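Chemist: I need the structure of the sequence given here:
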Amino acid sequence: MKFGGGGNMKNLMKQANQMKEKMDKLQAEAGEKVVEATSGGGMVTVEAKAKGEVISIKIEPEIVQDSDIDMLQDLITAAVNEALKRGQDIMQDEVSKAAGGMGIPPGLL
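Modeler: Numbers count the residues shown, from 1 in each chain. You can find the predicted model right below:
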C-alpha cells in the first residue's frame with residue numbers, strides 16, 4: 001500500500017520549523033525591550049529587560065539618609081517585582097500578537 005502526500009508532510013515540517021524560528025526570533029527581540037518601574041513615589045527606580053534581566057537600580061539619596069533599611073529593601077523589592085511583571089506582560093503580548101498573525105489561535109502558546 002502506497003501513501004500519497006509524502007511531500008505534504010515535508011512541507012508541514014518545514015512550515016512548522018519556520019514558525020518556530022520566527023517565534024524564537026520574536027521572543028529574543030521582545031526580551032531585549034527595556035521596562036522601568038518605580039516605588040516609594042520614585043525613590044527607587046528599576047530598569048529591566050523584558051526577558052527578566054535587571055539592568056539598573058537607582059536609589060534617591062534622601063531615602064538612604066533616612067537609614068530605614070527595612071523600608072529601602074521593601075521599596076527595592078517592589079520596584080524589581082513590578083519591572084519583571086511589566087517585562088513578562090510585554091513578552092506575553094508580543095508572542096500573542098505574533099501567534100495571531102501566523103494563524104495560531106489565542107491562548108495556544
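Chemist: I'd like to know which elements the helix or strand containing E47 is packed against.
Modeler: Element membership for E47 (DSSP states H and E) is strand 44-49. Secondary-structure packing of strand 44-49 (3 or more CB pairs under 8 Å, 6 or more residues apart in numbering; DSSP states H and E): strand 34-39, strand 54-59, helix 69-101. Backbone N, C-alpha and C define where each C-beta goes, glycine included.
Chemist: mind listing what's buried in the longest one?
Modeler: Under the neighbour-count criterion of 16 or more other CB atoms under 10 Å, helix 69-101 has 72, 75-76, 78-80, 82-84, 86-87, 90-91, 94-95, 98-99 buried.
Chemist: how close does K97 sit to A30?
Modeler: 10 Å (CB to CB, to the nearest Å).
Chemist: What of L75?
Modeler: 28 Å.
Chemist: again with A50
Modeler: A50 is 6 Å from A30, by CB to CB.
Chemist: higher neighbour count, those two?
Modeler: A50 (24 against 20; other CB atoms under 10 Å).
Chemist: contacting residues for that one?
Modeler: 30-35, 86-88, 90-91 (CB atoms under 8 Å, 6 or more residues apart in numbering).
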